[in-house]
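Chemist: Based on what follows, work out the 3D shape:
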Amino acid sequence: MKKLLVIATTFAALSSVVVADIQAPPGSTYTSSRKLGRAFSNILYGLVEIPEQIVRKNEQYGRKGGSTYGTVDGTSRALRRLGYGFYELFTFTCPTYRGTFKPPYERCGEDNRIEMNPHDGLSEFPPELGFETGFDHVRSQKY
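Modeler: Got it, this is the predicted structure:
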């Protein structure tokens, strides 16, 4: 009986020490198919940045700022998004950003999630026009 108790206690002690991490690695959600999807969305919907920035700059700086600075900034963002889209389209099979399929855009925030930086950052996917969204990967809109 003592042997069985000692074996059971030893087994319990050793099995509680051995714990495996079964979570997926941080970059596992970024695959070549997601990179291809980002490429298509940036190419097809990148022009949405122009009206989006006009509205944002209009709220921030007024009507004249929205029509001038918003147009210039939106065009700049749309062209950058188009460039990133074609870059990711031609390299979607290769892990190009630090050996991963993550987007090469600037990152901000504490947890390095891709967030909207209103002055110079890009989110992973283009903004959605409209007031309803079913996705949590787009920027929220103020109405």
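Chemist: What residues of the longest helix seen in the chain count as buried?
Modeler: Under DSSP state H, the helix in the chain containing the largest number of residues is helix 63-90. Of the residues in helix 63-90, those buried under the neighbour-count criterion (16 or more other C-beta atoms under 10 Å) are 65-66, 69-70, 73-74, 77-78, 80-82, 84-85, 88. Every C-beta, even on glycine, is put in place using the N, C-alpha and C of the backbone.
Chemist: List just the nearest of these to Asn42.
Modeler: Taking C-beta to C-beta as the measure, Asn42 sits nearest to Gly85 out of these, at 3.2 Å.
Chemist: Please name the nearest non-neighbouring residue to that closest one.
Modeler: Using C-beta to C-beta, 6 or more residues apart in numbering and skipping residues adjacent in sequence, the residue nearest Gly85 is Asn42, 3.2 Å away.
Chemist: Is that neighbour in contact with Glu88, as I believe?
Modeler: Yes: at 7.0 Å, Asn42 and Glu88 qualify as touching, with contact defined as C-beta atoms under 8 Å.
Chemist: Residues that sit against both of the two, list them.
Modeler: Both Asn42 and Glu88 lack any common contacting residue under the criterion C-beta atoms under 8 Å, 6 or more residues apart in numbering.
Chemist: picking up where we left off before, for the helix or strand harbouring the residue nearest to Gly85, what is the average pLDDT?
Modeler: With the criterion set as DSSP states H and E, the secondary-structure element containing Asn42 is helix 32-45. Averaged over helix 32-45, pLDDT sits at 90.
Chemist: For it, name the packing helices and strands.
Modeler: helix 63-90 (3 or more C-beta pairs under 8 Å, 6 or more residues apart in numbering; DSSP states H and E).
Chemist: what about the protein, any weak spots by pLDDT?
Modeler: Under the criterion pLDDT under 70, the flagged ranges of the chain are 14-27, 106-143.
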